[in-house]
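> quick one, what's the 3D model for this:
(chains A, B and C)
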Amino acid sequence: MSSLSASSPKPVAPKRRFDTRRLMPYLFISPFFILFGIFGLFPLLFSVVLSLHSWDPAAGFEAMRWVGFDNYTFALTRDDWLHASLYNTLWIALVAGLPQHLIALPLAYFLHTCFGRWRNLVVGLYFLPFITSTVAIALVFSALFSKDFGVVNSILAAFKSVPLVGAIMPEQSVDWANNPQYTKWMISFVVFWRFVGWNTVLYLAALQTVPRDLLEAAEIDGASLWRRFRYIVLPLLKPMMFFAVTLTIIGNLQLFEEPFILTGGTGGTDQAGKTAAMHMYWVAFREGDFGTASAIAWLLFIVIAAVTGLNNRLLGQREND
Amino acid sequence: MLAFVAQASAFGAPKITLTVATFPDLDRAAKLAIPGFKKLYPDVDVRISALSAEDHHTAMITALAGGSNLPDVMAIEARFIGQFAESAGLIDLRRAPYNAEARSTQLAKFALAAGKSSKGAMAALPVDVGPGTMFYRADLLAKAQLKESDLTGSWEQFIDAGKKLKASTGAYLVANAVDIKDIYIRASLADGEGIYFDANGKPVVTSPRFEKAFEIARAARQAGIDARIKAWTNEWSEGFRRDRVAAQMMGAWLGGHLQNWIAPQSKGAWRSAPLPNGMFASWGGSFYAIPEKGRHKEMAWAFLQYLVFDKAQQIEAFRQLDAFPSLLEAQSDPFVDQPIEYFGGTAVRQQWSAAVRKIPAVDVDRYDEAAREIVDAQLEKVLDRGKDIKQALRDAERDILRRVRRY
Amino acid sequence: MATTSSHALAPTAPLTPSNRGWSKPKRIEASQWLAYVIVGVGALIMFAPFYFMFVFATHTNTGILSVPPPLWFGDALGENLKILLERLPYFWQNIGWSFYVALATTALNLFFCSLAGFAFVHLEFAGRALLFKAIMATLLLPTFVGMVPTVLIMGWFGWMNEHRALIVPGACGALGIFMMRQYIGSSVPKELIESARLDGCNDFTIYWRIVLPLIGPAMGTLGMITFIGSWNNFISPLLVFRDMDRYTVPLALRALQGTGQTPWGAICAGAAIAVLPLLALFVISSRRLIEGLTAGAVKQ
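Numbering: from 1, shown residues only, chains lettered A, B, ... in the order given. Here you go, the predicted model:
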């Protein structure tokens, strides 16, 4: 909030009448503050106001009715779909998020140490999902996850005949999109797929800062690949782990596009694939209730802040060890 | 009619472009109106934009809220009418110069009632209505040695027929047991009753109507006669194409979809029958409204009237899209007696026309969509997880009461 | 909060050629072979959806909806494109709009962010550190909270259905300013600026003549990131556009969904077209993009 008051240049008692030089820097950085003020800060403040009112915007400002914290109490105590969607959001954030890091970390290390000129190609392949259009690829995934005709179910069916593995394969073709039991798995997989490469790249970046001599010395001392990873690399990567996990948390808790496309904008049967951000969108633009939608937005913000804070305590502090 | 036209054409001096926002297939009906409308108003261009029904209504809520970028004429689907009718952003068509009340007796009463707000404002006029009907595949039924009357008798007979069909052809009689519930709760209502709420806004989902609807749906599921396919998915349309599903209960407008894209190749094999157990229900339908902040309101009213009150236009939309006319005059035109090739040369429109007369004026509520979600979720628990029906409906009522906020 | 962010971004130290990985492993442990296989299979899984996208783009709907699904290219690409253009009559226009929005957003970002980055590194002014921290702090503000009011604001501005509703709000990102500050700080020597100033150049001339020519690599990275982000943006257009002929590509593709019969072949063809510019951009510059991203700003 300090940014607003600070953005307007303080009168710096000009020595000459037209000292444009002193104003120049402020002019150079002003685009950000002007745009942020109009399209960033103002909407945030306005959303606070909205969240305290009941309002049909089509009826004009005079129809705005102060309801105090009613929208918040409704959202907290009576909005069952919000509660379900919050649960879904946390579920997906965990199931899609955790493996991203469990795989990206060793993968980055392995790519860093054991790949020569192939490294860039492999990193490129893993990174590709991150740069492609979510909508385009999520649409492709809905085809792959189709119940009767999808590639995923065909592969599962093929594994059915393999001994051991076959036993854990589903009996019937799985209705990923419409069976509430499976919807979240499908969404989580797509999210995982999209971001595992991104995290790998982040960890690769951090690995560049690990001193080469340190690892080589350890190798000469006979430390195995795994021990070098566990005792040298991992501690040094902690700051990046904290950063990457924070990004994952913030991103996953705001998840919108993947579930929106994969469930055709509905959230799936029994809202099984509806995330909190989707629910906010739904309340605002389907139910037309902007007040409650704004309250939900702030509640979600609090959840994100809380989880980020938790992460800060878990990962952020130990980095000082 | 002509008097109205003359009155409105006085406004049409400079060239204007009228924007009409709709969704498929209604956009096709609107396009049909353009040549005729242009004869009356040569200076008016009509621009029709269509988004998928979901996106269209979201866009309209956004536009109404922002008060900008509104179309001149706005289409509203039956599912959303309860919510839109309450919007302050739509013109009350009872007002001068529209005075719609004077002409409203020409329209199907039950649909007209749906377009009114809780305060009686006439927010939208119906352009087509959806008499509930049962489409079925005569060829598949014949293979199982079943007749139409096996489907239209009691619900027990209907389910028995489904078992026979499955045994001899492998085809399912219904795509999803949920469809049975949906048609049942829409049927046998009295004038002024709502599907989910009574006139005072109290939920009525624990009534025997819902109990029975759930029971029949469960019986159908247990008999294994539903394909467990969700409507409007690929599996659904493929199910019809590949002879996996032999019947579908829905609004008459589904006929247009069947002919146009779902199953054009099974021409002649489809039939339309009355609903089982002598029921009559309204399913779907479309409305048109004029936003307060539209730019060409008078011309919008002229176009809306052309869509709704012009008999030739109503019949043309009926002919091409099975959009059943809301205009009473068009409903009784000799045109309805014509046989339709797609339906094996039967005069299905006669049957729909008879059904439409028996549909009660159902009261809509802005929370109908929310109630539907909640009831569907409970039905899913009954069908798939063996939840007790009474308990499920009590839970649905509780959930609806929690959801609904009336100031 | 502000400290969190500056801390979090700390590890993105510049990458120098001397510490960029190892040339070759000396010996290969047995378990390493397994790891190679796993990484390879993983890469295949990563690429598989793209493969199927291209394969499905060449099959009819009936072909795709069969068991098992097609695994090799078919011959129905033309047919799918025809269906695509039938269902999305403005598809080429949509692609044009996507390019327009992405290029405009990118150009504005490059200019505004580098200008601000330059100011933060080489110009003295009161509140410099605080203002920079403020900019970084905005990164922590969740964008979705402002979603509902933004729609109302766009309505009041009369920007609904207008592409400037996408371009203007995204014209100067905080991340871009951060990247530019990092790069300019490490690659434009202070002495150069001082001597130019002694020659009588004003601040803007210095930026234009001295700084701009030196920051090509960072501009390339930021340009790519911005372009990709804008090209893929879905939520803002979803809120803003009403007419199909104004849509950007993601919105157009999404319109193929949920209308009963989903034309998978056409969707995949459209998705492939939407992804191709990015793939091309990526193939040309993947190394710089990845390394640019990883190092915040790379000294090549």
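
> OK, contacts around the residue nearest to the spatial centre of chain A?
Residue closest to the mean C-alpha point of chain A, counted by CA atoms, centre = their mean, is A:Gly251 at 1.4 Å. Contact partners of A:Gly251, counting by CB atoms under 8 Å, 6 or more residues apart in numbering or on different chains, are A:Phe195. Backbone N, C-alpha and C define where each C-beta goes, glycine included.

> and the stretch 1-150 of chain B, which residues reach chain C?
For the stretch 1-150 of chain B, the contact set with chain C under CB under 8 Å from any CB of the partner chain comprises B:21, B:24, B:49-52, B:54-55, B:59, B:62-63, B:65-69, B:71.

> repeat that with 10 Å
Contact residues (CB under 10 Å from any CB of the partner chain) of the stretch 1-150 of chain B with chain C: B:19, B:21, B:23-25, B:47, B:49-56, B:58-71.

> what subset of those is buried?
B:19, B:21, B:23-25, B:49-56, B:58-71 (16 or more other CB atoms under 10 Å in any protein chain shown).

> show me which of those residues neighbour chain A.
B:52, B:54-55, B:58-67, B:70.

> who are the contact partners of the closest residue to chain B within chain C?
When distances are taken as CB to the nearest CB, chain C reaches nearest to chain B at C:Gly155, 2.1 Å away. C:Gly155 makes contact with A:57, B:62-70, B:293, C:165, C:240 under the criterion CB atoms under 10 Å, 6 or more residues apart in numbering or on different chains.

> tell me which of these fall in helices.
Mapping the contacts of C:Gly155 onto helices (DSSP state H) picks out B:Thr62, B:Ala63, B:Leu64, B:Ala65, B:Gly66, C:Ala165, C:Val240.

> list just the nearest of those residues to C:Leu77.
C:Val240 (32.1 Å; CB to CB).

> look at that closest one and report its pLDDT.
With respect to pLDDT, C:Val240 scores 89.

> repeat that for A:Leu236.
pLDDT at A:Leu236 comes out at 87.

> repeat that for the one 4 residues further on.
What the model reports as pLDDT for A:Met240 is 87.

> for C:Ser236, helix, strand, or coil?
helix (DSSP: H, G, I helix; E, B strand; the rest coil).

> so it touches C:Glu162, yeah?
No: the criterion here is CB atoms under 10 Å, and C:Ser236 misses it with C:Glu162 at 11.8 Å.

> between those two, tell me which one has more neighbours.
C:Ser236 (21 against 16; other CB atoms under 10 Å in any protein chain shown).

> please report how far the more buried one lies from C:Ile177.
20 Å (CB to CB, to the nearest Å).

> how about the stretch 151-300 of chain A: which residue is closest to chain C?
For the stretch 151-300 of chain A, CB to the nearest CB, closest residue to chain C: A:Ala205, 2.9 Å.

> where in chain A is pLDDT low?
A:1-19, A:163-169, A:171, A:317-321 (pLDDT under 70).

> cool, and the stretch 101-250 of chain B?
In the stretch 101-250 of chain B (pLDDT under 70), no residue qualifies.

> touching, B:Gln265 and B:Arg241? I think so.
Yes: the pair B:Gln265 and B:Arg241 qualifies as a contact (CB under 10 Å) at a distance of 7.3 Å.

> the more surrounded of these two?
Set side by side, B:Gln265 and B:Arg241 show more neighbours around B:Arg241, with 17 against 7, by other CB under 10 Å.

> ok, the residue lying closest to B:Ile340 once chain neighbours are set aside - contacts?
Spatial nearest neighbour of B:Ile340, chain neighbours left out: B:Val348 (5.8 Å); criterion: CB to CB, 6 or more residues apart in numbering or on different chains. When contacts are counted by CB under 10 Å, 6+ apart, B:Val348 is found next to B:133, B:135, B:252, B:255, B:270-273, B:322, B:336, B:338-340, B:342.

> out of these, which are buried?
B:Thr133, B:Phe135, B:Ala252, B:Gly255, B:Trp270, B:Arg271, B:Ser272, B:Ala273, B:Asp322, B:Val336, B:Ile340, B:Tyr342.

> which ones among these are found in helices?
Filtering the buried ones among the contacts of B:Val348 for helices - DSSP H - leaves B:Gly255.

> for the residue in chain B that chain C sits nearest to, what are its contacts?
As assessed by CB to the nearest CB, chain C sits closest to B:Gly66 within chain B, at 2.1 Å. The contact partners of B:Gly66, by CB under 10 Å, 6+ apart, come to A:57-58, B:89, B:293, C:151-160, C:239-240.

> so what's in contact with C:Ser236 and C:Glu162 at the same time?
With CB under 10 Å, 6+ apart, C:Ser236 and C:Glu162 have common neighbours C:Met154.

> contacts only, for the closest residue to B:Asp160 other than its chain neighbours.
Nearest non-adjacent residue to B:Asp160, counting by CB to CB, 6+ apart: B:Asp150, 7.7 Å away. By CB under 10 Å, 6+ apart, the contact list for B:Asp150 reads B:Leu141, B:Ala144, B:Gln157, B:Phe158, B:Asp160, B:Ala161, B:Gly162, B:Lys164, B:Leu165, B:Pro276.

> alright, that wraps it up for me.
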